[in-house]
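**Student:** turn this into a model:
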Amino acid sequence: MSQSIEVQVVEGILCADFNEGRLIIDTGSPVSLGPDTMIQVLGCAVQLNSTIGNYAWAQIQESLPFDAVGLIGVDAFSESSLGFDLTNHTLALLEMPVEGNHEPFIMGSPVIRCQVGEENLSAVLDTGAGLSYLRDAQFATFGKSLGRTRDFHPLLGEFEVDTVECSVMVGDQSVTEVFGLANEDLQRLMQIATIDGILGTSFFAHGVVEVDFANEIVGLSI
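**Tutor:** Model prediction:
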């Protein structure tokens, strides 16, 4: 590992403090956002964009439950391999090849196949999500209901969701994860992206996640 930065989970979302201030590290965002400036991240110069689609960074910034000056999306890492070790608060640039499964990424965001109950699902690994999500409540048939909780989405604002605890199998590895059941607005976004689930920052906390963004490979040690 040639380079690494210290990261922390703030309100469930992965962040790092830079000279410019706190930046969100968001593997679910196709672009980096913020004021019109260039940021150096793990040896790469990253241009922050003021808008994504019809949404302005200033608008997204206001919806956050904490202060952040910008957001680093997957465009910053398109040619890189990264190791996410949340237990040791480290995000590192990897020099060795990542050993794992290839699955086509969605707009640059890492994707894995996993099994929840009897369902074989396609899920995005999203460090910009404080909570993992299932698109369809039927995926959680064998889960344990945990009641409702509040969450937020940078584009959708704050909302309440039902939560359920489920066993997740990735290859021969198993973890227990808490999922929110997506509301209609989030379901719509997930359907557009053709994904069944979102594995948020809480999933990364189970172990080490290695992502080769250039070759679309994810390796897990959970």
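**Student:** OK, contacts around the closest residue to G70 other than its chain neighbours?
**Tutor:** Once flanking residues are discounted, G70 sits nearest to G34: 2.6 Å by Cβ to Cβ, 6 or more residues apart in numbering. Using the backbone N, CA and C atoms, a C-beta is placed for each residue, glycine as well. Taking Cβ atoms under 8 Å, 6 or more residues apart in numbering as the definition of contact, the neighbours of G34 are L23, L48, N49, S50, W57, V69, G70, L71.
**Student:** which among those end up buried?
**Tutor:** Applying a neighbour-count criterion of 16 or more other Cβ atoms under 10 Å, the buried members of those are L23, L48, N49, W57, V69, G70, L71.
**Student:** domains of this protein?
**Tutor:** Domain assignment for the chain, taken from automatic domain parsing, gives 3-93, 101-221.
**Student:** next one: the first one to chain centre, how far?
**Tutor:** Taking Cα atoms, centre = their mean, to the nearest Å, the mean C-alpha location of domain 3-93 is offset from the chain mean by 11 Å.
**Student:** endpoints of it, how far apart?
**Tutor:** Taking Cα to Cα, to the nearest Å as the measure, domain 3-93 stretches 5 Å from start to finish.
**Student:** so Q47 sits against P35, correct?
**Tutor:** No. Using Cβ atoms under 8 Å as the test, Q47 is too far from P35 to be in contact (10.9 Å).
**Student:** picking up where we left off before, out of the contacts of G34, what pair is the most spread apart?
**Tutor:** Across these, the longest distance by Cβ to Cβ is 15.0 Å; it joins L23 and S50.
**Student:** most centrally placed residue in this structure?
**Tutor:** With distances taken as Cα atoms, centre = their mean, the chain has D126 as the residue nearest its mean C-alpha position (1.1 Å).
**Student:** can you give me the pLDDT of that one?
**Tutor:** Here the pLDDT value assigned to D126 is 95.
**Student:** I'd say it and L199 touch.
**Tutor:** Yes. Using Cβ under 8 Å, D126 makes contact with L199 at a distance of 6.8 Å.
**Student:** one step back: the residue nearest to G70 and F152, how far apart?
**Tutor:** Taken as Cβ to Cβ, to the nearest Å, the spacing of G34 relative to F152 amounts to 19 Å.
**Student:** where does pLDDT dip in this structure?
**Tutor:** Regions of the chain meeting the criterion pLDDT under 70 cover residues 1-2, 154-155.
**Student:** could you identify the helix or strand that succeeds the longest strand anywhere in it?
**Tutor:** For the chain, the longest strand by residue count, based on DSSP state E, is strand 157-170. Sequence-wise, the next helix or strand downstream of strand 157-170 (DSSP states H and E) is strand 173-181.
**Student:** which strands and helices lie in contact with that next one?
**Tutor:** Using 3 or more Cβ pairs under 8 Å, 6 or more residues apart in numbering; DSSP states H and E as the contact criterion, the secondary-structure elements in contact with strand 173-181 are strand 132-134, strand 144-153, strand 157-170, helix 201-204.
**Student:** rerun at 6 Å
**Tutor:** With contacts defined as 3 or more Cβ pairs under 6 Å, 6 or more residues apart in numbering; DSSP states H and E, the secondary structure elements packing on strand 173-181 are strand 132-134, strand 157-170.
**Student:** redo these as JSON lines? Include distance to E177 and mean neighbour count.
**Tutor:** Listed next are the helices and strands packed on strand 173-181 as JSON lines, based on distance: least, Cβ to Cβ, whole Å; neighbours: other Cβ atoms under 10 Å:
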{"stretch": "strand 132-134", "distance to E177": "5", "mean neighbour count": "25"}
{"stretch": "strand 157-170", "distance to E177": "5", "mean neighbour count": "16"}
